[in-house]
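1. Here's my sequence, what's the structure:
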Amino acid sequence: MPNMPKIDLDQLKTHLSAEDYALVAGIVNTHTGCLRASKPTLPRKKFYKADPAVARFPGDGDYDYADDAGRQAGMTAYVWRFVAFMISPIAQHQCMPCMAFCDLPGRDPDARRLLEKRLDALADAVVDTVKMSDWHGVTRWAQVYGLTGTPQYTAEGAVIYR
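-> Presented below is the predicted three-dimensional model:
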């Protein structure tokens, strides 16, 4: 397995709130100080039935975590997914994190969007502490879009950046 990039927790500790730092600490391997190689484990979500007065159909409801520890774990998993997308050398981590929002807590869509924006900014702050040479996912997607690399042309005329 490739070596995961090192995250500078000391630098983050001075700039983040205690709550945000706890989320970031959950994505770091405690032995090496590097990004975890896998997403933190999450508890199962519980189904909450909608109020019958506002239900759109029978059985309407939402899933959410049962306690605060589950909510914290969901936010940590979200941050890990976006950080792994940008810096992990593992190819599977560099796929678009389209469904990462499913790990977030809450049943109100507007509140979840605000939480996503906050956690996206937190993931960016974490990535900023990593050396640019370790931004493996960013480099790979920059090559896909032709922003870096040397263009090579196939026999059919397609451009490939390497």
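2. all strands of this protein, in order?
-> 46-49, 61-64, 151-153, 159-161 (DSSP state E).
3. Can you mark which positions in stretch 30-49 are buried?
-> Buried residues in stretch 30-49, defined by neighbour count with 16 or more other CB atoms under 10 Å: 34, 35, 36, 39, 40, 45. Heads up, the C-betas are built off the backbone N, CA and C, glycines and all.
4. Let's have those in a markdown table, adding pLDDT.
-> Rendered in a markdown table, the data for the buried residues of stretch 30-49 read as follows (pLDDT from 0 to 100):
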| residue | pLDDT |
| --- | --- |
| 34 | 95 |
| 35 | 96 |
| 36 | 95 |
| 39 | 95 |
| 40 | 94 |
| 45 | 94 |
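5. now, which of these sits nearest residue 128?
-> In terms of CB to CB, no member of the buried residues of stretch 30-49 lies closer to residue 128 than residue 35, at 13.9 Å.
6. Can you tell me the closest non-neighbouring residue to that closest one?
-> Closest residue to residue 35 in three dimensions, ignoring its sequence neighbours and counting by CB to CB, 6 or more residues apart in numbering: residue 4, at 4.3 Å.
7. Could you do residue 69 as well?
-> Nearest residue to residue 69 in three dimensions, chain neighbours excluded: residue 43, at 7.5 Å (CB to CB, 6+ apart).
8. just to revisit the earlier point, which two of the buried residues of stretch 30-49 have the greatest separation?
-> In terms of CB to CB, these reach their longest pairwise distance at 34 and 45, which sit 29.1 Å apart.
9. residues touching residue 13, list them.
-> For residue 13, the contacting residues are residue 21, taking CB atoms under 8 Å, 6 or more residues apart in numbering as the criterion.
10. residue contacts, the residue nearest to residue 35?
-> Counting by CB under 8 Å, 6+ apart, residue 4 touches 29, 32, 34, 35, 36, 37, 88, 89.
11. quick one: the closest residue to residue 120 other than its chain neighbours from residue 152, how far?
-> Excluding the flanking residues, the one nearest residue 120 by CB to CB, 6+ apart is residue 82, at 6.5 Å. Computed with CB to CB, to the nearest Å, the distance linking residue 82 and residue 152 is 31 Å.
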